[in-house]
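**Student:** Dropping the sequence and predicted coords here.
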Amino acid sequence: MDAYRTALIVVHVLSAIIGIGATFTFAVIGSVQSRMEGPGALALLEVDEAIQKRLVIPFGLGLLPLTGALMIFARGWRNDFWSHQWLWGAIVLYVVAAGLAQSVIGPGVRKLIALGKQGRAGTPEFMRLVRIQQRVGPVTSILVVVIVVLMVWKPGG
């Protein structure tokens, strides 16, 4: 394997570990936050947002798909792309998970922070957003696990 392909794999795997692995902290943070009130609970929501901005977006949503696309070309997977079901299946699941993260989870956390700063934590609107986060978060985690299994196992590949 040449140095370019090796570098792509290393950066791709590290991006997955840093950017996607960090998302598994959200369940822990949410669990701790749900037992707190006041400034501590708000601070944990801000930690959640900081992890998204500093780790998930640049690594999991930036470098990861970029290196993945480059690997498709470097490893020749663009030839007969549709015959690599594990690859395009993982890409579809990634797009779904990233879409949920960017359209539901991220905006939801930002709205929860805004409501908390306005003193509206615990209101029906706040609790509705919490319930959405509690439903969508595990779905994205399951999608991530399936993606990792597909990428490591490469069934049919």
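**Tutor:** It's in.
**Student:** Below-threshold pLDDT in this structure: ranges please.
**Tutor:** 1 (pLDDT under 70).
**Student:** quick one, helices of it?
**Tutor:** With DSSP state H as the criterion, the chain has helices at 3-15, 25-34, 39-51, 64-74, 85-100, 106-117, 124-153.
**Student:** closest to residue 58 out of those?
**Tutor:** helix 3-15 (8.7 Å; Cβ to Cβ). C-beta here means a position set from N, CA and C on the backbone, and glycine is covered the same way.
**Student:** can you redo the helices of the chain as JSON lines with distance to residue 57 and mean neighbour count?
**Tutor:** Below are these laid out as JSON lines (distance: least, Cβ to Cβ, whole Å; neighbours: other Cβ atoms under 10 Å):
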{"stretch": "helix 3-15", "distance to residue 57": "11", "mean neighbour count": "14"}
{"stretch": "helix 25-34", "distance to residue 57": "14", "mean neighbour count": "14"}
{"stretch": "helix 39-51", "distance to residue 57": "10", "mean neighbour count": "16"}
{"stretch": "helix 64-74", "distance to residue 57": "10", "mean neighbour count": "17"}
{"stretch": "helix 85-100", "distance to residue 57": "10", "mean neighbour count": "16"}
{"stretch": "helix 106-117", "distance to residue 57": "8", "mean neighbour count": "17"}
{"stretch": "helix 124-153", "distance to residue 57": "14", "mean neighbour count": "15"}
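**Student:** Excluding chain neighbours, what is closest to the residue nearest the centre of the chain?
**Tutor:** In the chain, the residue lying closest to the centroid (Cα atoms, centre = their mean) is residue 20, at 4.9 Å. Once flanking residues are discounted, residue 20 sits nearest to residue 60: 4.7 Å by Cβ to Cβ, 6 or more residues apart in numbering.
**Student:** Might you report the residue contacts of that neighbour?
**Tutor:** Residue 60 sits next to 15, 16, 18, 19, 20, 22, 23, 98 when contact means Cβ atoms under 8 Å, 6 or more residues apart in numbering.
**Student:** Check whether the residue nearest to the centre of the chain really touches residue 56, as I assumed.
**Tutor:** Yes - checked against Cβ atoms under 8 Å, the pair residue 20 and residue 56 is within contact range at 7.5 Å.
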